[in-house]
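Enquirer: Below are the sequence and a predicted model for it; my questions follow.
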Amino acid sequence: MTTTITITGAGGQIGYALLFRIAAGDMLGADEKVRLRLLEIPAGLGAAEGAALELQDGAFSLLEHVEVTDDPAVAFDGADHALLVGARPRGPGMERGDLLAANGGIFGPQGAAIAANAASGVRITVVGNPANTNALIAAASAEGVPTERFAALTRLDENRARAQLAQTLGVPVGIVQRVPIWGNHSATQFPDVSHATVGGEPAADALARIVGDVPSWVDGTFIPRVAKRGAEIIAVRGSSSVASAANAAIEHVRDWVHGTQDWTSAAVVSRGEYGVPEGLVSSFPVEAVDGEWRIVEGLEIGDDARRRIDASVAELIEERDAVRGLGLV
Ligand code: NAD
Ligand code: LMR
């Protein structure tokens with residue numbers, strides 16, 4: 001069996017970091033053959049075509065076919081997975097509303113093209129920013145595609161949170177679990193350590209031995225570091241995260257398809273869980289079961305967590321209202 005994967009913005013930085021790992025089997029497994037469809041705008045076609053030549057030169061045994069196009073109908077034809085990476089970055093003098101409108105012009109038509117052309121079981125992962133609201137726009141335009149097939153990437157935020165905890169505690173990151181991200185993929189996100197475990201022990205106990213006052217470390221150091229990590233990367237390397245974002249997207253899709261061992265994070269369409277208004281694309285703790293994201297329910301939410309979730313959800317509501325005002329959802 002061969003899986004068809006469409007990558008938008010495939011000529012860009014994240015595209016370049018994604019393609020070769022997908023072709024090598026990192027996303028779907030060492031037995032799954034893949035067909036890649038690379039969608040670009042005309043200005044990006046050369047870069048995508050160059051990547052396609054290099055894919056050929058990689059002689060990947062799992063890679064059956066690569067196609068480069070600027071036509072969304074061709075790109076999404078028969079797609080089992082769509083990774084929506086290409087987005088319009090904020091330019092000089094652009095207001096938030098301008099950015100949302102520009103991205104609406106991308107994600108609306110792409111949602112419609114997915115509905116018209118993709119495989120019936122298509123799963124869509126939105127990476128391009130503002131990822132949650134771009135996913136909302138695409139889902140609203142994809143008539144007939146169940147909204148639970150759309151997710152926006154917050155796995156990178158979770159990986160950042162787990163890595164910060166591991167570094168602080170001096171433990172391997174693999175034993176740090178249950179650090180969900182709530183809300184928006186933005187600086188308002190809430191990385192939640194209250195359920196975290198380290199080698200099975202509550203993280204709060206391990207943290208108390210190292211940092212002493214856990215709540216003030218969480219508020220003053222941990223949350224701002226994780227929530228502003230995207231900006232920190234931009235400041236240090238001069239452009240936004242690439243390989244870590246591609247890695248997170250690969251882990252997200254791999255888990256969606258093959259299932260999770262424990263909680264992870266993804267921004268999915270709310271059905272009202274944890275008081276998040278129905279229809280918003282918000283990050284939650286999730287598990288993947290039988291190819292579906294399921295929100296982990298029944299968690300205790302303390303007052304501080306409630307306040308932080310509400311603040312990030314308020315930003316998502318603002319974004320939704322802005323795109324609603326533009327007739328995009
Ligand atoms: P990039 O500018 O290097 O590449 C983007 C590519 O998208 C460009 O080649 C461009 O030509 C293409 N593109 C633009 N409009 C398109 C359209 N309508 N159809 C197809 N392709 C189109 O940017 P990048 O570094 O690859 O980042 C891509 C996006 O991912 C950005 O929006 C970035 O902010 C976002 N991002 C998200 C996360 C996350 O965790 N969710 C992390 C890092 C970056
Ligand atoms: C990231 O999280 O690295 C990206 O979404 C870039 C950004 O603007 O934060």
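Expert: Yep, that arrived. Ligands and ions are numbered 1, 2, ... in the order given.

Enquirer: In stretch 232-248, which residues are buried?
Expert: Judged by neighbour count (16 or more other C-beta atoms under 10 Å), stretch 232-248 contains these buried residues: Ile233, Ser241, Val242, Ser244, Ala245, Ala246, Asn247, Ala248. Where you see a C-beta, it was placed from the backbone N, CA and C, and this is true even at glycine.

Enquirer: cool, stretch 189-201 as well?
Expert: Those would be Gln189, Phe190, Pro191, Asp192, Val193, Ser194, His195, Ala196, Thr197, Val198, for stretch 189-201 by 16+ other C-beta under 10 Å.

Enquirer: host element of whichever residue of the stretch 201-329 of the chain sits closest to ligand 2?
Expert: Closest residue of the stretch 201-329 of the chain to ligand 2, C-beta to the nearest ligand atom: Gly230 (2.0 Å). When elements are assigned from DSSP states H and E, Gly230 belongs to helix 229-237.

Enquirer: Convert the C-alpha atoms of that helix to PDB, please.
Expert: C-alpha atoms of helix 229-237 as PDB (Å, rounded to 0.1, in the frame of the first residue of the first chain):
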ATOM      1  CA  ARG A 229      10.600  29.900  22.700                       C
ATOM      2  CA  GLY A 230       9.500  30.500  19.100                       C
ATOM      3  CA  ALA A 231      10.500  34.200  19.500                       C
ATOM      4  CA  GLU A 232      13.800  33.100  21.200                       C
ATOM      5  CA  ILE A 233      14.700  30.900  18.300                       C
ATOM      6  CA  ILE A 234      13.800  33.800  15.800                       C
ATOM      7  CA  ALA A 235      16.000  36.100  17.800                       C
ATOM      8  CA  VAL A 236      19.000  33.700  18.000                       C
ATOM      9  CA  ARG A 237      19.000  32.200  14.500                       C
END
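
Enquirer: how distant is it from the center of its chain?
Expert: Counting by C-alpha atoms, centre = their mean, to the nearest Å, helix 229-237 is centred 18 Å from the centre of its parent chain.

Enquirer: tell me the SS of the residue of the stretch 51-200 of the chain found nearest ligand 2?
Expert: Proximity of the stretch 51-200 of the chain to ligand 2 (C-beta to the nearest ligand atom) peaks at Asn129, 5.2 Å away. Following DSSP: H, G, I helix; E, B strand; the rest coil, the label given to Asn129 is coil.

Enquirer: quick one: it from ligand 1, how far?
Expert: 4 Å (C-beta to the nearest ligand atom, to the nearest Å).

Enquirer: for Thr125, same thing?
Expert: 9 Å.
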